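S.K.: I would like the atomic coordinates for the input below:
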Amino acid sequence: MTSLNDATSDQRTAIVTGAASGIGRAIAQRFATEGMAVVCADLNAAGAVKLAADLSAAGHRALGIAVEVTDEASVAAMAARALEWTGRIDTAVANAGVMVEGDILSISLAEWNRALQINATGAFLTARAVLPHLLASPAGTLVFTASTVGLVGMKGTAAYSASKGAVVALTRQLAADFASRGVRVNAVAPGAIRTPLSESQFRARAADDAEFESLLQQVIGRYPISRWGTPKEIAEIVLFLASDRSSWMTGQIIPVDGGLLELR
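M.R.: Here you go, the predicted structure:
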């Protein structure tokens, strides 16, 4: 298998949005250990900077910056800062997102718009900002974080499902548009991943620790591999999609879901 830093290339630069915690944090850490220079971007600027400092202290090359993925100027500034830092962008992971729960009769228009703005428009703006630079890379790759609920219907996730369905469609469309120009575009579709964000959502629903654990078990009960997934498990698949190891793949949506979609 070809390393991300093979003997014929300089160190590659990756941007990861939503990098301050959860899946994004795990992706940034995994890219760094693989030898990439990593731009850790997040609305939580302090968290992004702290992650970059930790990676740098461990001997990796990392930069932490703030980004608001729904703001075109902020996303453009993120790409410009990455170029200023290393002079190249080889990989971008459009991972920043938000969960909005509720069926279509219970959510507000503001909640609907929030899900679409952050998850779908944020992915669009990130892709548009980095694609000119990915085209200049000898092996440009773009990876989106989609979701299993963007592939099948699940109860109580109207806005989230619609926004992640848009990410799925955008992945395939960009793959078709840019395959002949040397940029590969794929997506990972996680199932239930235990992160600080997902835990906080279940904590908010639970009256006590016992109910919290019961809610977590209810989720696990739907999965053939009867446990929650981990951010590190998603990061490994994203690394594969970003690397030369997947060099003949584009337009793919890879479920990483404990068998949920195929075996339930």
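S.K.: what stretches of this protein score poorly on pLDDT?
M.R.: 1-9, 264 (pLDDT under 70).
S.K.: quick one: the helices in it?
M.R.: 22-34, 45-57, 72-86, 109-115, 122-136, 158-178, 196-205, 209-220, 231-242, 260-263 (DSSP state H).
S.K.: and the closest residue to residue 91 other than its chain neighbours, what are its bridge partners?
M.R.: Closest residue to residue 91 apart from its sequence neighbours, by C-beta to C-beta, 6 or more residues apart in numbering: residue 14 at 4.0 Å. Glycine gets a C-beta too; all of them are placed from N, C-alpha and C. When assigned by DSSP bridges, residue 14 has beta-bridge partners residue 38, residue 91.
S.K.: kindly report the domain assignment for this protein.
M.R.: Structural domains assigned to the chain are 13-191+230-258, 194-228, following automatic domain parsing.
S.K.: most packed of these?
M.R.: Highest mean neighbour count of the domains of the chain: domain 13-191+230-258, a mean of 20 (counted as mean count of other C-beta atoms under 10 Å).
S.K.: surely residue 185 and residue 175 touch.
M.R.: Yes. Between residue 185 and residue 175 there is a contact under C-beta atoms under 8 Å: 4.2 Å.
S.K.: shared neighbours of the two, which are they?
M.R.: By C-beta atoms under 8 Å, 6 or more residues apart in numbering, residue 185 and residue 175 have these common neighbours: 250, 251.
S.K.: for the helices of the chain, which one sits closest to residue 251?
M.R.: Nearest of the helices of the chain to residue 251, taken as C-beta to C-beta: helix 158-178 at 3.3 Å.
S.K.: can you name every helix or strand that that closest one contacts?
M.R.: On a contact count with 3 or more C-beta pairs under 8 Å, 6 or more residues apart in numbering; DSSP states H and E, helix 158-178 meets helix 109-115, helix 122-136, strand 141-145, strand 184-190, strand 253-256.
S.K.: which of the ones you listed sits closest to residue 67?
M.R.: Among these, helix 122-136 sits nearest to residue 67 (C-beta to C-beta), with 8.5 Å.
S.K.: how big is the angle separating the closest one from helix 72-86?
M.R.: Interaxial angle, helix 122-136 versus helix 72-86 (axes from the mean of the first three to the mean of the last three C-alpha atoms, to 10 degrees): 30 degrees.
S.K.: got the contact list for helix 122-136?
M.R.: 15, 17, 69-72, 75-76, 78-79, 82-83, 88-92, 94, 96-97, 140-142, 144, 166-167, 170, 174, 178, 181-183, 185.
S.K.: what separates it from the chain centre, distance-wise?
M.R.: Taking C-alpha atoms, centre = their mean, to the nearest Å, one finds helix 122-136 lying 14 Å from the centre of the chain it belongs to.
S.K.: repeat for stretch 11-24
M.R.: Chain-centre distance of stretch 11-24: 8 Å, with C-alpha atoms, centre = their mean.
S.K.: now do the same end-to-end measure for it.
M.R.: 20 Å (C-alpha to C-alpha, to the nearest Å).
S.K.: format the helices of the chain as CSV; extra columns: distance to residue 253.
M.R.: Formatted as CSV, those follow (distance: least, C-beta to C-beta, whole Å):
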stretch, distance to residue 253
helix 22-34, 16
helix 45-57, 27
helix 72-86, 23
helix 109-115, 19
helix 122-136, 13
helix 158-178, 6
helix 196-205, 21
helix 209-220, 22
helix 231-242, 10
helix 260-263, 11
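S.K.: out of the ones you listed, the one nearest residue 249 is which?
M.R.: Comparison of these against residue 249 by C-beta to C-beta identifies helix 231-242 as nearest, at 7.1 Å.
S.K.: for residue 209, see how far away the residue nearest to residue 88 when sequence neighbours are not counted is.
M.R.: Once flanking residues are discounted, residue 88 sits nearest to residue 13: 5.2 Å by C-beta to C-beta, 6+ apart. Using C-beta to C-beta, to the nearest Å, residue 13 is found at 43 Å from residue 209.
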